[in-house]
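[1] Sequence first, predicted coordinates after that:
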Amino acid sequence: MSGDRRKEIVTHLSEDDLDRLLAETDNKKISKRLTFIKNLYKGDTLEEAADRVGKSATTGSRWARRWNEGGLGLLTPNFGGAPPPKLDEDEQDRLLELLRDGQP
């Protein structure tokens with residue numbers, strides 16, 4: 001990849017709004033992404049902005065594309081959560097009893 005790859009970034013929010021969101025959030029993933037966008041606003045290349053938040057240029061490119069397409073809504077991670085447990089509650093209780101009794 002080129003070392004001077006500038007990405008045109010859509011200004012969905014002002015820098016002041018980005019700063020406010022950064023100050024309000026305690027979500028590290030959102031904070032990294034907003035910091036990345038702020039760095040692009042200030043003129044960083046994709047590689048520079050991604051490197052500043054500890055991410056690859058590929059991830060930075062994906063984040064920039066999502067931001068341009070939908071702003072904060074598409075930039076925010078949307079994980080479905082953990083998979084459901086394989087054991088139901090009764091099976092979990094039984095397993096705990098067996099483990100406490102020293103049985104495999």
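    Ah, there it is. Numbering: from 1, shown residues only.
[2] so who does Leu40 touch?
    Lys7, Ile9, Leu46, Ala49, Ala64 (Cβ atoms under 8 Å, 6 or more residues apart in numbering). No exception for glycine: its C-beta is placed from N, CA and C like everyone else's.
[3] Let me know the closest of these to Ala23.
    Closest approach to Ala23 among the contacts of Leu40 (Cβ to Cβ): Ala49, at 19.5 Å.
[4] That closest one touches Phe36, doesn't it?
    Yes - using Cβ atoms under 8 Å, Ala49 is in contact with Phe36, at 5.1 Å.
[5] Give the intersection of the neighbour lists for those two.
    Common neighbours of Ala49 and Phe36, counting by Cβ under 8 Å, 6+ apart, are Gly60.
[6] Can you tell me the element the residue positioned nearest the centre of the chain falls in?
    Closest to where the C-alpha atoms of the chain average out (Cα atoms, centre = their mean) is Lys29, at 3.6 Å. In the assignment (DSSP states H and E), Lys29 maps to helix 28-41.
[7] which non-adjacent residue is nearest the residue nearest to the centre of the chain?
    Closest residue to Lys29 apart from its sequence neighbours, by Cβ to Cβ, 6 or more residues apart in numbering: Pro77 at 5.0 Å.
[8] Around the one you found, count how many other residues there are.
    8 (other Cβ atoms under 10 Å).
[9] so it makes contact with Ser31?
    No - using Cβ under 8 Å, Pro77 is not in contact with Ser31, being 11.4 Å away.
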